[in-house]
Structure formats: C-alpha cells, structure tokens
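Chemist: any chance you could fold what I've pasted below:
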Amino acid sequence: MNAPRVSIIVLNWNGWKDTIECLESLYRITYPNYDVIMVDNGSKDDSIQKIKEYAEGRIKVNSKFFEYNSSNKPIKVFEITEDEAREGKFNKPAYEKFDPDRRMILFKNKDNYGFAGGNNVGIKFALSVLDPDYILLLNNDTVVDKEFLTELVKVAESDEKIGIVGPKIYYYDYNGRSDVINFTGADLILWKGKEKRYGAGEVERGQWDKILAVNKIEGSCMLIKSKVLREVGLFEERFFCYWEETDLDFRVKREGYKLLYVPTGNIWHKIASSNGGVLGVFYEYHMTRNRLWFLKRNTFASVMRRHLIYVLFWEIPFKLVSLVLYYKRPHLVFVYLKALLDGVIGLKTI
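Modeler: Numbers count the residues shown, from 1 in each chain. As a prediction, this is how the structure comes out:
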C-alpha cells in the first residue's frame with residue numbers, strides 16, 4: 001500500500017537563510033511520498049534567487065541539527081507565477097519524473113498576503129493540481145526531525161475522525177539548549193482569550209510522551225487531511241497573521257473531527273523570526289486585534305461580553321504597567337490600544 005501523499009507548504013517572507021535550513025532538513029526526511037511547495041510571500045530581498053542557488057547546490061547549509069547533504073543536489077525547481085498557481089497551470093507529468101527529495105515547486109506571490117492568505121494560495125494549488133491526501137503547513141523558521149512526517153501520518157491514518165495532528169515543538173535555541181519544549185498542544189480559556197499551553201518552557205524529560213487530544217494545533221506545523229480542508233474551508237484571510245490557525249482548529253472541531261498532539265514527531269522552532277518577535281509592533285497588534293475577531297466567530301455572545309469586561313478591568317491596566325515599566329516599550333501601549341479599537345470596530349463584519 002502506497003504512503004499517503006503529503007504536500008508540504010513552506011511560506012517565506014524575507015527570510016531565505018532560515019528557509020534553506022528548513023528545506024535542507026525537509027529533504028532529509030524518511031517519508032517516501034511528499035511535495036515541497038515553496039511559496040514566497042512577496043519578499044523584498046533576494047529570497048527567490050538564494051533559494052534557487054541552494055537548490056542548485058551553490059549554498060551550503062550549516063546547522064547544529066544535521067550535516068549538509070550534497071548528494072541530492074541539484075534539486076529540480078519548477079518555478080511558476082502566482083497567476084499560474086491560482087489557475088492550476090502546471091506541468092505535472094514532468095514534475096512526477098523526479099523523486100520527492102530532488103524536486104521543488106516555487107512561486108512568488110505578488111504581495112505579502114500574510115500567513116493566512118499566503119498559505120491559502122499554496123493550499124489551493126496543492127489541492128487542485130497535486131490532489132494530496134494531506135496538507136502539511138510548516139513555518140520556514142523550523143528544523144524537522146527526519147522521522148517527524150512518518151510519525152504524524154501514522155497517527156493521522158489511525159482514525160478517520162482525526163482532522164489535524166501536530167508535533168512536539170522545541171525551541172530552536174533556548175539559552176543554548178535545544179531540549180526545551182515550546183508547544184505540545186493547547187486548550188483555550190475563552191473568556192480570557194488565552195491559551196493553556198502545554199509543556200512550554202519545560203526541559204524534555206519524557207513528561208509529554210503520550211498522544212493528547214487538544215483544542216489547538218499550532219500553525220508552525222500542522223498536518224491536515226485534505227478532505228477536512230475541502231469540507232470546512234481554508235484560513236480566514238482577514239486575520240492576516242495570528243489566530244487564523246486557531247480559528248481553523250475550532251471550525252474543524254465543530255465538524256466533529258479531533259485534533260491530536262503527536263509526541264513522536266519532533267521539530268525545532270525559532271519563534272516569530274519574520275515579524276520582529278513577541279515584543280514587536282506587528283505581533284502586538286495582530287495578536288490583540290485578531291483575538292477579538294476569533295472570539296466573535298467561535299464563541300457565544302456571553303463569552304464575548306465576559307472577555308470585554310476582563311480586558312477593560314484587568315488586561316488594559318496590566319498592559320500599561322508591564323509594557324511601560326517592565327518591558328520599557330511604551331510605544332507598544334498605543335499599538336495595543338489601536339488594536340483593541342480596530343478589533344471592536346471589525347466585530348460587525350468579521
């Protein structure tokens with residue numbers, strides 16, 4: 001029996017150095033039936049050229065997680081335009097002549113459509129042209145274990161009601177360590193708009209080595225059954241970035257599918273590499289605004305009212321003190337307040 005086909009979508013935005021390390025780790029995996037779809041999200045640097053040079057074997061990747069493999073270079077790059085991707089114009093017979101570790105599909109979006117919109121272009125292309133059994137979304141600032149995809153697919157195939165699975169995610173570098181857990185799934189405290197994030201900051205001791213049903217699989221690495229995406233739809237593009245994967249997670253669960261954390265699939269994540277980090281303007285704005293939109297789309301009005309009371313009487317005072325006095329980032333107060341205002345205004349249409 002053939003292994004299910006998995007189309008892997010990696011989204012790049014001005015981050016080719018991270019991306020080629022991610023790609024080099026991907027091309028070392030043991031899973032036999034996969035596609036690598038490299039979507040550049042309107043980068044302003046020379047990402048496209050550098051990624052092609054990597055595929056040609058002209059850039060050697062250095063990583064603490066693996067040794068560079070020159071034996072599968074050059075990798076054949078099938079480059080198409082965004083319009084061709086959207087229209088499904090692709091020479092699939094020529095592409096299929098190459099082994100999975102010797103081929104790559106590459107296209108550049110005309111603009112930065114965010115995590116949601118950028119990935120949606122890749123997902124639609126994969127579903128219409130390659131017809132995979134699974135879509136794997138993978139952040140470009142990750143490195144994967146060679147067995148990770150085999151382990152994810154094995155669990156996903158065990159039950160037709162499993163919709164999404166995700167791996168154990170470690171910090172790429174936590175004060176020099178690579179054995180500190182970042183994510184093993186999460187549940188949500190909806191009235192606070194916060195995650196109960198499992199394993200975060202814990203040193204690996206085998207304490208999260210059981211499969212776990214959760215409410216959230218993180219967008220940095222999520223394996224989704226194609227039939228589920230065709231049933232529930234893709235990312236809501238108005239989110240642009242952050243909370244869109246949680247919105248998808250909840251829609252999948254509402255249709256009766258399970259979300260599972262898989263402890264035997266391992267990756268390492270650099271965390272918010274492309275947007276300035278968790279104390280950046282981009283992160284603060286989109287995490288705050290989109291939280292309100294997520295709650296409007298996925299909870300009852302009573303939960304939303306309780307959340308707004310919580311924000312007014314607890315979160316706003318706490319943010320003022322922490323951003324100004326502790327983090328010394330007073331400019332983020334204005335970003336946070338604008339995000340709240342835009343979020344409330346957008347509740348009518350989201």
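Chemist: please count neighbours and contacts with C-alpha atoms only from this point.
Modeler: Fine.
Chemist: quick one: contacts for residue 215?
Modeler: Residues in contact with residue 215 (C-alpha atoms under 8 Å, 6 or more residues apart in numbering) are 185, 186, 187, 188, 249, 250, 253, 259.
Chemist: just the ones of these in helices?
Modeler: With helices taken from DSSP state H, the overlap with these comprises 249, 250, 253.
Chemist: and those residues as JSON lines, adding distance to residue 78?
Modeler: Converted to JSON lines, the ones in helices among the contacts of residue 215 look like this (distance: C-alpha to C-alpha, whole Å):
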{"residue": "249", "distance to residue 78": "32"}
{"residue": "250", "distance to residue 78": "35"}
{"residue": "253", "distance to residue 78": "36"}
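Chemist: from those residues, pick the one nearest residue 192.
Modeler: residue 250 (16.5 Å; C-alpha to C-alpha).
Chemist: hang on, isn't the closest one packed against residue 298?
Modeler: Yes: contact criterion C-alpha atoms under 8 Å: residue 250 and residue 298 qualify, at 7.1 Å.
Chemist: check which helices and strands the lengthiest helix in the chain sits against.
Modeler: Using DSSP H, we find that the single longest helix of the chain is helix 281-298. Packed against helix 281-298 by the contact rule (3 or more C-alpha pairs under 8 Å, 6 or more residues apart in numbering; DSSP states H and E) you find helix 244-254, helix 301-310, helix 331-346.
Chemist: single out the most deeply packed of the ones you listed.
Modeler: Greatest average neighbour count among the helices and strands packed on helix 281-298 goes to helix 244-254 (a mean of 21), per mean count of other C-alpha atoms under 10 Å.
Chemist: so who does the closest residue to residue 191 other than its chain neighbours touch?
Modeler: On the basis of C-alpha to C-alpha, 6 or more residues apart in numbering, the spatially nearest residue to residue 191 that is not a chain neighbour turns out to be residue 307, at 4.7 Å. Taking C-alpha under 8 Å, 6+ apart, we find residue 307 in contact with 190, 191, 192, 193.
Chemist: possible to save those residues as a markdown table with neighbour count and secondary structure?
Modeler: Formatted as a markdown table, the contacts of residue 307 follow (neighbours: other C-alpha atoms under 10 Å; DSSP: H, G, I helix; E, B strand; the rest coil):
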| residue | neighbour count | secondary structure |
| --- | --- | --- |
| 190 | 17 | coil |
| 191 | 18 | coil |
| 192 | 18 | coil |
| 193 | 18 | coil |
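Chemist: in the chain, what spans have low per-residue confidence?
Modeler: 1, 272-277 (pLDDT under 70).
Chemist: what are the ranges of the helices in it?
Modeler: Remark: helices assigned in the chain by DSSP H are 16-26, 47-56, 82-87, 92-96, 114-125, 148-156, 226-232, 244-254, 281-298, 301-310, 316-321, 331-346.
Chemist: where is the longest strand in this protein?
Modeler: strand 258-269 (DSSP state E).
Chemist: for burial, what's the neighbour tally of the closest residue to residue 235 other than its chain neighbours?
Modeler: Leaving out its chain neighbours, the residue that sits closest to residue 235 by C-alpha to C-alpha, 6+ apart is residue 116, at 5.4 Å. For residue 116, the count of nearby residues is 21 (other C-alpha atoms under 10 Å).
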